[in-house]
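> I need the structure of the sequence given here:
(one chain, ligands or ions: 2)
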Amino acid sequence: MKIYNTLTKRKEEFRPLNGNKVTIYACGPTVYDYFHVGNARVFITFDVVRNYLKYKGYDVKFVQNFTDIDDKMIKRANEEGITVKELGDRFIEEYFKDADALNIKRADVHPRATEHIQDIIEFIKVLIEKGYAYVVDGDVYFSAKSFPGYGKLSGQNLEELEAGARVEPGEKKRDPMDFALWKAKKPGEPAWPSPWGEGRPGWHIECSVMAVKHLGETIDIHGGGPDLIFPHHENEIAQSEAVTGKPFARFFMHVGYLNINNEKMSKSLGNFFTVREILKEYEAEVLRFLMLSSHYRSPINFSKELMDQSKNALERLYTALYAMEHLEKVTPERPLNREEEEYLKRQMENKNKFIESMDDDFNTAGATAALFDIVREFNVSLNESSSREAVQKTKALLLELGGVLGLFSKFQPTLLDEEIERMIKERQEARKAKNYALADKIRDELKARGIIIEDTPTGTRWRRA
Ligand SMILES: Nc1ncnc2c1ncn2[C@@H]1O[C@H](COP(=O)(O)OP(=O)(O)OP(=O)(O)O)[C@@H](O)[C@H]1O
Ligand SMILES: [Zn+2]
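Numbering: from 1, shown residues only. Ligands and ions are numbered 1, 2, ... in the order given. Below is the predicted model:
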């Protein structure tokens, strides 16, 4: 399969470094607020990348960090009158709520910067010993010019970079291109002891340290949003390769911008929707589907119209799934006839189309188109007199491929009457035992599956919505 590599600016054949193992590190959120739809694009993209590599049989280890100490964290914690730790704990919890709703699975490791301070200090010590970093009044800076490959990711040379660089007030670096590894404590800021005095780590160093610690000196795939190419990932490369002397990441993947009115959705511009807001109006899967309908590197111009289009498209897929579910119950169990065998061959071609699309730099737009081809083929070819096997195989195929994209999490096979009765009995027992949380959960689950229950003085009654 091929992946577009920002390092070489072209699609390259992907093979893992170590046999069947694939290591992926994605830069995660700064946890000072709910995440917005632009951030969600990155998380959903890497969730799909990971799913697909697993589907292909790779043994994937995926790490996504939480940046839980930086200027934004400190500012927000002060505004709210809480500690940076409390702020981080709160928004990590909120991150998981939205991620769960969007069916973004947990990473194998979600390291937090503040839990790696000692590792960061050790890493910086090596950089100083090797002559890549220097100390000024309790700050430590990385000297960009000391690292020969500096600029290789963003494709800029030192002169171009120098023209864009400046020294911010309060920074004591020798050269405008240098960047902070360690920042001396300022009044009112959280700080940790270090050989250079109390302070806190810079942003770039945390990812270098956590990636190497959890995934090894060379990782297969490193990624994030488009604004991370420079300086964040450029700096990560410099720090990591200066320490290890090995290539840091073999492939860099960068997601395209999610825009609104053709401008980057961002907190600082104020033109953003949080995922939490969107979920009040739409099923989470609609947002996920919207992201998948474009190639991950193409820009997306987010709008209500686009959400509505995605909603309709997703509904078409669900309608087909429920039609398959129905046919599966009423069709005769008999061997496939010739036409049905031909039909299943055409569906296998659609499956191949899905795989070819995904093999081509995770082209989810092509992959979702293949799902619609499967549905179209089903709609014209099968009916109540078709062989049950043909229906079952179609449904299994659609669920398998949709599952790779993280879709159809809301698909629930229809409940039989006796299953409903059994769940109602369980709920009654839970209520008797005063386990109201479980009782409500059962009621909600029934509701999600289209069963309405009513408690009456003579017992609980139910009906299908
Ligand atoms: N509009 C966007 N489109 C695509 N990716 C984005 C967008 N905005 C942020 N990202 C990405 O989301 C991830 C999480 O970033 P982070 O939490 O630092 O964002 P942020 O700084 O809060 O966002 P903002 O850019 O809105 O200030 C990063 O990989 C970042 O590149
Ligand atoms: Zn990072």
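> all contacts plus neighbour counts: C-alpha atoms, from now on.
Fine.
> now the strands: where do they sit in the stretch 51-200 of the chain?
Using DSSP state E, counting those that start in this stretch, the strands of the stretch 51-200 of the chain run over 59-64, 133-136, 139-142, 179-184, 199-201.
> for the last one, packing partners?
Helices and strands touching strand 199-201, by 3 or more Cα pairs under 8 Å, 6 or more residues apart in numbering; DSSP states H and E, are strand 179-184.
> run the last query once more with 10 Å
Applying 3 or more Cα pairs under 10 Å, 6 or more residues apart in numbering; DSSP states H and E, we find strand 199-201 packed against helix 117-129, strand 139-142, strand 179-184.
> rebuild those as TSV, extending it with mean neighbour count and distance to ligand 1.
Listed next are the helices and strands packed on strand 199-201 as TSV, based on neighbours: other Cα atoms under 10 Å; distance: least, Cα to the nearest ligand atom, whole Å:
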stretch	mean neighbour count	distance to ligand 1
helix 117-129	18	19
strand 139-142	26	21
strand 179-184	23	17
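> how about those, which one is nearest R288?
Distance to R288, taken as Cα to Cα, is lowest for helix 117-129 among those, at 34.7 Å.
> got the contact list for that closest one?
113-114, 130-135, 140-143, 181-182, 192-196, 200-202, 205-210, 213, 239-240, 242-244 (Cα atoms under 10 Å, 6 or more residues apart in numbering).
> could you list the low-pLDDT ranges of this protein?
Scanning the chain for pLDDT under 70 picks out the ranges 448, 465.
> ok and the residue in it nearest ligand 2?
C27 (4.1 Å; Cα to the ion).
> quick check, that residue in contact with G224.
Yes - at 5.3 Å, C27 and G224 qualify as touching, with contact defined as Cα atoms under 10 Å.
> which neighbours do those two share?
By Cα under 10 Å, 6+ apart, the residues touching both C27 and G224 are V42, F43, Q64, H232, H233.
> which of the helices or strands spans the first one?
In this case it means V42. Using DSSP states H and E, V42 sits within helix 37-55.
> and that helix, anywhere near ligand 2?
No - residues of helix 37-55 contacting ligand 2 under Cα under 5 Å from the ion: none, with a closest distance of 12.4 Å.
> could you check the angle strand 59-64 makes with that helix?
160 degrees (axes from the mean of the first three to the mean of the last three Cα atoms, to 10 degrees).
> is there proximity between helix 37-55 and ligand 1?
Yes - Helix 37-55 reaches ligand 1 (Cα under 6 Å from any ligand atom) through G38, N39, R41, V42.
> can you redo those residues as TSV with neighbour count and distance to S298?
Output for those, formatted as TSV (neighbours: other Cα atoms under 10 Å; distance: Cα to Cα, whole Å):
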residue	neighbour count	distance to S298
G38	25	13
N39	20	15
R41	24	11
V42	25	12
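> chain center to stretch 370-382: distance?
29 Å (Cα atoms, centre = their mean, to the nearest Å).
> please renumber the chain so that the first residue is 19 from this point on.
New numbering, starting at 19: the last item is stretch 388-400.
> now it - C-alpha only, CSV.
This file holds the C-alpha atoms of stretch 388-400, laid out as CSV (Å, rounded to 0.1, in the frame of the first residue of the first chain):
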residue,chain,number,x,y,z
ALA,A,388,-17.6,1.5,-2.8
LEU,A,389,-20.0,1.1,0.1
PHE,A,390,-22.7,2.8,-2.0
ASP,A,391,-21.8,0.6,-4.9
ILE,A,392,-22.5,-2.4,-2.7
VAL,A,393,-25.8,-1.0,-1.7
ARG,A,394,-26.9,-0.1,-5.2
GLU,A,395,-26.0,-3.6,-6.4
PHE,A,396,-28.0,-5.1,-3.5
ASN,A,397,-31.0,-2.9,-4.2
VAL,A,398,-31.3,-3.9,-7.9
SER,A,399,-30.4,-7.6,-7.5
LEU,A,400,-31.9,-9.1,-4.4
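> report the buried residues of that stretch.
A388, L389, F390, D391, I392, V393, E395, F396, L400 (16 or more other Cα atoms under 10 Å).
> mind putting those residues into CSV with secondary structure and distance to ligand 1?
CSV is the format used below for those (DSSP: H, G, I helix; E, B strand; the rest coil; distance: Cα to the nearest ligand atom, whole Å):
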residue, secondary structure, distance to ligand 1
A388, helix, 25
L389, helix, 25
F390, helix, 27
D391, helix, 29
I392, helix, 31
V393, helix, 31
E395, helix, 35
F396, helix, 36
L400, coil, 41
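> wait, what's in contact with A387?
So A387 contacts S311, N368, K371, F372, S375, V393 (Cα under 10 Å, 6+ apart).
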